[in-house]
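> Okay, here's the prediction I keep looking at, along with the sequence it came from:
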Amino acid sequence: MEAVEKFKVGAVPTVFYIPDFISDSDQTLLLNQIHAAPVSKWKTLKNRRLQNWGGIVHEKGLLPQDLPPRLTKITEQIREESSLFPSAINHVLINEYLPNQGIMPHQDGPAYYPVVAIISLGSPVVMDFTPHLSLSGSTTNIEDKDSIEGADHGNLPNYPSFSVALMPGSLLIFKDTAYSDYLHGIKDCEIQQYDAAVNAKEVLRRPGLIETSDEDSKAIHRSTTRVSLTCRVVSKVHRNLFRFRKGC
């Protein structure tokens, strides 16, 4: 835990941003391996496509499959260097976003232990965190079993909205309050303001990715595809398929 303390960002104490977690050469290698996966491994959604690794997540747990070596290596590195995961990371979702694609504000499902690590590759992006609608007495609609649809409803007392700029090769980890009490999402737009991000200084280290319209407005220009690796722990694992189905 002490190893990641210096990477805390923002007012919420359980958000960690680690720049350059993966080198440029390793990013290229990883992207090549991801895109070398068979077409059948990709699942196309309305606003992105994804690969599922580690098995099928069911409301009662995980029907496991071994992670490929490349993902095992990187998830072990995340666990060892962060000390924030209770056990080996056993599930990875790989999402691909075109420049104008994002994801609705959502909360990860209850099947996962409340800590998530996101590795960003390709285009930079801004991820927005807003307090969960239930904190204001509102309700939400279930989009699917892994996400909850939400909306930007402003700040609530003690729950400030915030954004994090995710640069290529970076690692974002959030847990506990940031996991349970916030929705996180990415706007569907190619130009995203980054000046209010809790780690805005990180963007300035990569000037080629910045588009400036005037002195007071700075933005990230998403001109290429972004790929993210969402790494989590499913606590309940069902090794026996028959018993798993019988208990449904």
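Everything's here; your move. Just so it is clear, the model here is predicted, and its values are computed rather than measured. Numbering: from 1, shown residues only.

> Would you check how far apart the closest residue to Val92 other than its chain neighbours and Ser25 are?
Excluding its sequence neighbours, the residue lying closest to Val92 (C-beta to C-beta, 6 or more residues apart in numbering) is Trp53, at 4.5 Å. Every residue, glycine included, has its C-beta placed from N, CA and C. Per C-beta to C-beta, to the nearest Å, Trp53 is found 22 Å from Ser25.

> quick one, which of those two is more surrounded?
Trp53 (22 against 8; other C-beta atoms under 10 Å).

> Please tell me I have it right and the more buried one contacts Asn90.
No - Trp53 is beyond contact range of Asn90, at 9.6 Å (criterion: C-beta atoms under 8 Å).

> How about the most centrally placed residue in the chain, nearest residue that isn't a chain neighbour?
Compute the mean C-alpha point of the chain, and by C-alpha atoms, centre = their mean the closest residue is Ile118, 4.0 Å away. Distances taken as C-beta to C-beta, 6+ apart place Leu172 nearest to Ile118, at 4.6 Å, with adjacent residues excluded.

> Need the pLDDT of that neighbour.
For Leu172, the pLDDT comes out at 98.

> Might you report the residue contacts of it?
15-18, 117-118, 120, 127, 164, 166 (C-beta atoms under 8 Å, 6 or more residues apart in numbering).

> Now rank those by neighbours and give me the top one.
Going by other C-beta under 10 Å, Leu166 tops these with 28 neighbours.

> Now it. Nearest residue, chain neighbours left out?
Nearest to Leu166 is Ser120, by C-beta to C-beta, 6+ apart, at 4.2 Å.

> Make sure the one you found is indeed in a strand.
Yes - Ser120: assigned to a strand according to DSSP: H, G, I helix; E, B strand; the rest coil.

> Could you check how far it is from Glu202?
11 Å.

> Also Leu62?
34 Å.

> Same check on Asp128?
Applying C-beta to C-beta to Asp128 and Glu202 gives a distance of 16 Å.

> Can you check what pLDDT the model gives Thr14?
Predicted confidence (pLDDT) for Thr14: 95.

> Can you report how many residues lie near it?
By other C-beta under 10 Å, 19 other residues sit near Thr14.

> wait, doesn't it sit right on Phe174?
Yes - counting by C-beta under 8 Å, Thr14 touches Phe174, with 6.1 Å between them.

> Between those two, which contacts overlap?
In contact with both Thr14 and Phe174: no residue, using C-beta under 8 Å, 6+ apart.

> before we move on, back to that, now the residue nearest to Leu166: how far from Leu172?
7 Å.

> what sits in contact with each of those two?
The contact sets of Ser120 and Leu172 overlap at Leu166 (C-beta under 8 Å, 6+ apart).

> who's in contact with stretch 14-23?
4, 7-9, 30, 74, 82, 84, 119, 121, 129, 162, 164, 167, 169-179, 198-199, 202, 205.

> Just the buried residues out of those, in PyMOL syntax.
Applying 16 or more other C-beta atoms under 10 Å to the contacts of stretch 14-23 leaves a buried subset, and the PyMOL line that selects it is:
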select buried, resi 4+7+9+30+74+82+84+119+121+129+162+164+167+169+170+171+172+173+174+175+177+178+179+198+199+202
